[in-house]
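# predicted model and sequence follow; I will ask about them next.
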Amino acid sequence: MTGSDAHLQVRDLSVQRGGVEVLDIGEIDIPRGQVTVVIGPNGCGKSTLLGALQLVLHPTRGELLLDGAPMSADPVGTRRRMSAAFQEPLLLSMSVQSNVELPLRLRGVGRDQRRRAADLWLERFGVAHLADRHARQLSGGEAQRVSLARAFASQPEVMLLDEPFAGVDAPTRAGLIADFAQILSVTRPTTVLVTHDRDEALRLGDYAVLLIDGRVRQTGEPLDVFDHPLDREVAEFVGMDNVIERSRWPWRIAAGGGYVCVRSEQLSLSRGSGAVVRQVELIGPMVSVSVDVDGVSLAAQVSRPQWSAIGVGVGDEVAVCADAEAIHIIAAEDERSG
Amino acid sequence: MTGSDAHLQVRDLSVQRGGVEVLDIGEIDIPRGQVTVVIGPNGCGKSTLLGALQLVLHPTRGELLLDGAPMSADPVGTRRRMSAAFQEPLLLSMSVQSNVELPLRLRGVGRDQRRRAADLWLERFGVAHLADRHARQLSGGEAQRVSLARAFASQPEVMLLDEPFAGVDAPTRAGLIADFAQILSVTRPTTVLVTHDRDEALRLGDYAVLLIDGRVRQTGEPLDVFDHPLDREVAEFVGMDNVIERSRWPWRIAAGGGYVCVRSEQLSLSRGSGAVVRQVELIGPMVSVSVDVDGVSLAAQVSRPQWSAIGVGVGDEVAVCADAEAIHIIAAEDERSG
Amino acid sequence: ASGINEDELILATTTSLNDSGLLDDLAPIFESETGVSVKIISVGTGAALRMGAEGDADVLLTHAPEAERALVENGDVSSRTLVAYNDFVIVGPPDDPAGVAGMRDVSAALRQIAAHGASGAEDAAAFASRGDDSGTHKKEIALWTEAGLAPSFDTDDWYEEVGQGMSATLTVANQRGAYTLTDRGTYLALSADIADLVPLVEGDARLLNFYSVMEVDGGKGRINSEAAAAFREFLLRSDIQAMIGDYLRAEYGRSLFIPAGGETESAVAERARAE
Amino acid sequence: MELIWDGIREAARLWWAGDAQIIEITLRTLAISSAATALALVVGIPLGAVLALRRFWGRGLLVASVNTGMGMPPVVIGLLVALVLWRSGPLGGLDQIYTPTAMVIAQLLLSLPMVVGFSLASIQSINPRLIGQMWAMGANRWQVLWLLIRETRLGLLAAVMAGFGAAISEVGASLQVGGNLAGETRVLTTAMVLETGRGNFEVAIALGVVLVVLAFAVNIILTAVQQRRFIT
Amino acid sequence: MELIWDGIREAARLWWAGDAQIIEITLRTLAISSAATALALVVGIPLGAVLALRRFWGRGLLVASVNTGMGMPPVVIGLLVALVLWRSGPLGGLDQIYTPTAMVIAQLLLSLPMVVGFSLASIQSINPRLIGQMWAMGANRWQVLWLLIRETRLGLLAAVMAGFGAAISEVGASLQVGGNLAGETRVLTTAMVLETGRGNFEVAIALGVVLVVLAFAVNIILTAVQQRRFIT
Ligand SMILES: Nc1ncnc2c1ncn2[C@@H]1O[C@H](COP(=O)(O)OP(=O)(O)OP(=O)(O)O)[C@@H](O)[C@H]1O
Ligand SMILES: Nc1ncnc2c1ncn2[C@@H]1O[C@H](COP(=O)(O)OP(=O)(O)OP(=O)(O)O)[C@@H](O)[C@H]1O
Ligand SMILES: [Mg+2]
Ligand SMILES: [Mg+2]
């Protein structure tokens, strides 16, 4: 992505909270009209980044640009081109309807237009029946949806969403994600979306930014970030449950330092030998199997029917096979920098 | 489950909120020393049920029994045998450490013992480094974890947890769920856990209660509830993405009313004919395919490698096969009641 | 009677007397002689008399002869004795727009003030009345009546009712450049801070200000009559009378209170007229 | 005790008879105290918001001063205002001493600390993230203030009532700067003091009853507003 | 204006010289007002909590009465207390009129509505779910009260300061029920009134300065406590 595609740009940003620097970012370019997912462990600074982009948290250093112009030049104007749904559904003590209309009201939009927009988005998020309810009288998921409706109702250029689907029930969430993808593909706001859910990131994200400890550790296409982590810490975060030192990896592989990573669901098991089953656990429709290969412990995951087809138990031998494509190698620190 | 196994019993319970009855429960028996998962769509009354069990919301009718004795006889005593982590992490404005110690302090536990318990649980939930932080200075996930540590620290007989892992990052969540299962299997408190996550419900739950619109619609083993819904609404809630009227089901099946349900991931596709591909969508490592069989639209899901192996595109023909075991039939309303 | 607190004496008096500070000098002497502590409650004249009538005080020290006589007639007090006197003065702005300076006839002076006030002249000065039913206010009304006038704040623009104590009224008059009737003690105490007021009319025998002590009738219950009687005796004692006469004389160059223990008002007035 | 009954009866009688003076005094009281309270709100709420939300040098001292202001004796305020407005004072030329304006100023100074103090406390008790959300929704400075007022109306109405209460019940300053001039600056409290001094306890109580009924009526209205939107 | 400087200089001189009387008056003022405030807190905070958390018949009226109490003029309270404590009154036999006890009672009645009103407002502004969490943690009635006090210390300290301010700055009631007896019931405000009446404006201002300094000192301490734990 070149600079000209970037709708939002973060340059040399440092934010402190409680006197401690919790965010230190060299640069991020948020592509226009696309969905950028921000991922990272708890406390890594995702919400802080969103707060800074919304000009709600004040950085100690750095610049934020919207369309190439510094945001700080006109904070209110900038904020009015954006909208945010924060991690908690921060509703004001007024009716649901008024909450959703509020951003439009603050922008001086007329009553009728406000009303139409609110009705539309409350409907889309499945909470139209709650329009007259006081915002304090909502269940957790209902409040979350109202907060989302509020963020969408002003149809901003930029949307900042912090875990928008947490607390939303599974079928609705699936529906919303589908709708969401469709809505975004039509109106194409630039969206920054924080999520802990891999599916959500893969499904909705065009671009991913991975933060750890307040620093950008990897950016790129979401699938690439999830499948090709640049270092061990990222590998662990993206759910590579097998991260094995390259030298101990039981199968033939070009020699070198670093690590070999593979997800448990990409190790296939079959009747045969080479590995000993150590532990078997049922996880819903899947079976999580821990096997020992030449003294290295590996985690594998197979579907229940597959497992019954293999028909072995703890202590028995099985054959383990890793799809060559699924294996990802992290170069050793020195090799990488070299 | 017989009455004697029940640690908590709900009898003929009705709870109103904002003047409207939002919970109307005939009976629920919560088995001792097991994990009961409460599932249901947003606003169905899950949190309300937990609030009633915690004697924080006051029912307009009905009885709650703990070990067969009415809870209302000694509310404070009853509450001290339980602990709760509500949907929002409701921390008090004091340090994280004091928050976690507070339930013990209220029970008159000495300083040293409190400190030890708090240290232990903060450590287990990965937030020991935040012990001296003021509770307002936490990220969303951190607060969630502190709230969990607080619920565990008093080591109660009964634990009521409302979406405890929402907002916790994916790897930590996986770790906590594993830990959790292990902790629960050792100390065996009776646990009531609200969740929107199917994996969590299957992995942790021994018993499931499914609420819709404030009423119990189905109870049983979690896998059974997910795989054998009793009616169409429940089927949709548990993620049966194909719920087809029995008469329109394209394959041979005993005649009758009602519906045939199957999950998209349990419809397998292969090279062949019989169905036309209508839509293909990549969802992370999976491919979601919409096919048309004799005018009936079905959703299927296959892994990326499988899909490339089949090698077809929109408009092409494929063969669709439903595993007989995966198909669940919901009898028609009249047949069921008959 | 039972329930009487023998150790304390409640003395209800007027603010202007209390503000002079005289009682703060006398009370300790009485206390050390008798062992009875004196609670000096300083309130408006009306309130002091009312407290006597309700039996909420044991002894009264006020300066409103007419109202006091009514108490005697009602039997609310068992005795009323003159203790001392001083005089009232009409003070006003130094430029004296009504031209009353040096007049000895109060009635004539008041008429002149009223006439000039009502004339609408540019320099017309107002008259500030206490308007609080205090001894001074009652005196003022009596003087207006004698002058054949009955001004009121409703109808007369130049007549203001302040409705506060003497010092507040003097402050208002000072700020507004108005005439007012004041007791000499308060005027002297405040003179440093009210430079815009000077004495204009004084010396008329009708301007005398009589302070009397009254014992509240013992029949009202819980009245410490014994101490009340002792206090009356005490005030009339010659050494105390002398102290009263000397009070602040050095400071102001004249007596603030002229002792007249046990005399009658008419006798004192006669003597004054003779001077 | 029977004095109190006499007072209540007297209050009823005065109102029943449509006593011109008491009506006039009551209206004047209401006008002066309402004006003072309104000004105190206009100045005090934004000030409280700034003190609650911004960190700046000297803020702590300012907060303590505001709190001290709540304990500032009316007599002291009255004296200070009088010193300024007296002829000899810096604003003596305005000729405002012993006028309703002077009383409004004194009562404003008395109720301002209440309003600032309680605005401060109630705005500080709002979740700071909710305030962030207000900004994020695109509110400008005044819109945020408006939203804060909406959110804290519980606390702010308490502030309004305390401010109004401080203004209407105050007597020391009103006497000093108003002078309790009949027909000009006499209000219910100063009239009460006068009647008490006169020994007309019944009338004093009657005036007190009028004052309390007045305050009660204002409060019933404000309380209705305050409690209307409170939901468990 | 120069009067004020004279007053400040006089105040400094009196304190410097360790004037026994002013020290005595100051200590008495502090003792009486602190006692009244402490009692008001002990009674008022639980009352405020009950009004905030429980719904019962007549609650609205009670809330309005409390708010009206904030506008109750000290003169009315003083007169009512005096009517009760005077010899002719129902409790005259207790011989408590013109004693510090009578003053504590009057100041208590004055500051109680403040404390109740602000406890009510600040406890109502707590998230009701947080209160649910307190009960859920196993707190009994008193522990919940304790936790509520902890959570609302911002608002409650404002209430303390308003209550203390109302008590210490009040003069009408103190004069009426205390009598301003030298060495017994003379406090800073009543002494100020006396000195003003005597024309000793410097001394009156000096007393005012002492009062303000006193209130400021108390508030600096309370404000430090109040603001210490506030975090953005
Ligand atoms: N304070 C309240 N006042 C009035 N109604 C309420 C209140 N809280 C919740 N409700 C309503 O009660 C019903 C049940 O709410 P509850 O919070 O128990 O739902 P839930 O199952 O926990 O939902 P979620 O998954 O969204 O958390 C909902 O319809 C909701 O709108
Ligand atoms: N108000 C605050 N005061 C001080 N420190 C804070 C505050 N809020 C957050 N922090 C700290 O700042 C860091 C970043 O917090 P942030 O909320 O941005 O994390 P996050 O990535 O959004 O985490 P989560 O996934 O838990 O929401 C964390 O270490 C957190 O402890
Ligand atoms: Mg966050
Ligand atoms: Mg819920």
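That came in fine, so what should we check first? The structure displayed is predicted, hence computed values, not measured ones. Ligands and ions are numbered 1, 2, ... in the order given.
# from the contact counts, what lies against the longest helix seen in chain A?
Secondary structure of chain A per DSSP state H: the longest helix is helix A:170-187. If you count contacts as 3 or more CB pairs under 8 Å, 6 or more residues apart in numbering or on different chains; DSSP states H and E, helix A:170-187 packs onto helix A:140-153, helix A:198-204, helix B:232-237. C-beta coordinates here come from the backbone N, C-alpha and C atoms, glycine included.
# low pLDDT regions in the stretch 1-150 of chain A?
A:1-4 (pLDDT under 70).
# interface residues of it facing ligand 1?
A:136-142 (CB under 6 Å from any ligand atom).
# from chain B, how far out is the residue lying closest to D:Met103 once chain neighbours are set aside?
With sequence-adjacent residues excluded and distances taken as CB to CB, 6 or more residues apart in numbering or on different chains, D:Met103 is closest to D:Gly178, at 4.4 Å. Separation of D:Gly178 from chain B (CB to the nearest CB, to the nearest Å) stands at 45 Å.
# D:Gly178 - how many residues pack around it?
30 (other CB atoms under 10 Å in any protein chain shown).
# likewise D:Ala11?
22.
# could you report the separation of it from D:Ala17?
11 Å (CB to CB, to the nearest Å).
# the residue in chain D that chain C sits nearest to: neighbour count?
Nearest to chain C, among the residues of chain D, is D:Gly197, at 2.7 Å (CB to the nearest CB). Using other CB under 10 Å, D:Gly197 has 24 neighbouring residues.
# contacts only, for D:Pro74.
Applying CB atoms under 8 Å, 6 or more residues apart in numbering or on different chains to D:Pro74 gives the contacts D:106, D:110, D:170-174, E:169, E:171.
# most neighbours per residue, which of the helices and strands packed on helix A:170-187?
Highest mean neighbour count among those (mean count of other CB atoms under 10 Å in any protein chain shown): helix A:140-153, with a mean of 26.
# same question for whatever helix or strand comes next after that one, mean pLDDT?
Sequence-wise, the next helix or strand downstream of helix A:140-153 (DSSP states H and E) is strand A:158-162. Averaging pLDDT along strand A:158-162 gives 93.
# next one: stretch A:297-309
Mean predicted lDDT for stretch A:297-309 stands at 86.
# where does A:Gly313 fall, secondary structure wise?
Counting by DSSP H and E, A:Gly313 is part of no helix or strand.
# quick one, grab the pLDDT at it.
84.
# correct me, but it touches A:Val277?
Yes. Contact criterion CB atoms under 8 Å: A:Gly313 and A:Val277 qualify, at 6.8 Å.
# neighbour count winner among these two?
A:Val277 (19 against 8).
# do stretch D:122-132 and chain E meet?
Yes. Judged by CB under 8 Å from any CB of the partner chain, stretch D:122-132 and chain E are in contact via D:122, D:124-125, D:128.
# what residues does chain A have near ligand 2?
A:17-18, A:22, A:40, A:42-48, A:87.
# and those, which is closest to ligand 1?
A:Gln87 (15.4 Å; CB to the nearest ligand atom).
# residues near the closest one, how many?
A:Gln87 - counted by other CB under 10 Å - has 22 other residues nearby.
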